[in-house]
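A.B. asks: sequence and predicted structure, then a few things I'm wondering about:
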Amino acid sequence: MDIPATHRDILHSKCFAHAATLRPDGRLSVHPVTVLLRNGQVCFSTLKSRGKYRNLVRDPRLSLSIPHPENPWHYLELRGLARLEDDPRREVIDQIARKYLGQDHYPYDAPGDERVTVILDIEQVWAPAIHGATDESLSALRSQVYGDASS
């Protein structure tokens, strides 16, 4: 499923997504994650020791809410099923380190940590716009909320 051109800038920014998975008791669990648009697919990296990994192994349903870091009213919601791929060469987490940290290698894993790439097979895309909003009115709203006079 395609992400509209009006919202692709979000995935190219240093955005943080909120990944919603289902816990064993049926409650939602939401985790902040850094995402990549890689080979046309939205993905993130996690450790096999994390709850979100265990949740997705049991139930692959995944929803990502991804606001633009400079304008939270400009966001995407992506829903679908997660595919899990082992990443023993740490390719994806190192791509994330380059994008978000400006480093060639992700520096925060402990020896022996096992990485997995979570790839979202998108079934639904929600790319809302504030009804009647213009770039100018959104900029004014941002200034009002954040006190950013430069907008």
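C.D. replies: Okay, I see it.
A.B. asks: what are the ranges of the helices in this structure?
C.D. replies: With DSSP state H applied, the chain shows helices at 8-12, 51-58, 91-101, 135-146, listed in chain order.
A.B. asks: lowest average pLDDT across those?
C.D. replies: Mean pLDDT per stretch puts helix 135-146 lowest among the helices of the chain, at a mean of 63.
A.B. asks: who are the neighbours in contact with the closest residue to residue 74 other than its chain neighbours?
C.D. replies: Spatial nearest neighbour of residue 74, excluding adjacent residues (Cβ to Cβ, 6 or more residues apart in numbering): residue 68 at 4.3 Å. No exception for glycine: its C-beta is placed from N, CA and C like everyone else's. Residue 68 sits next to 9-10, 13, 15, 74-75 when contact means Cβ atoms under 8 Å, 6 or more residues apart in numbering.
A.B. asks: same deal with residue 80?
C.D. replies: 1, 61-62, 120-124.
A.B. asks: for the residue nearest the centre of the chain, give me the pLDDT.
C.D. replies: By Cα atoms, centre = their mean, the chain has its centre lying nearest to residue 17, at 3.2 Å. Residue 17 is assigned 98 on the pLDDT scale.
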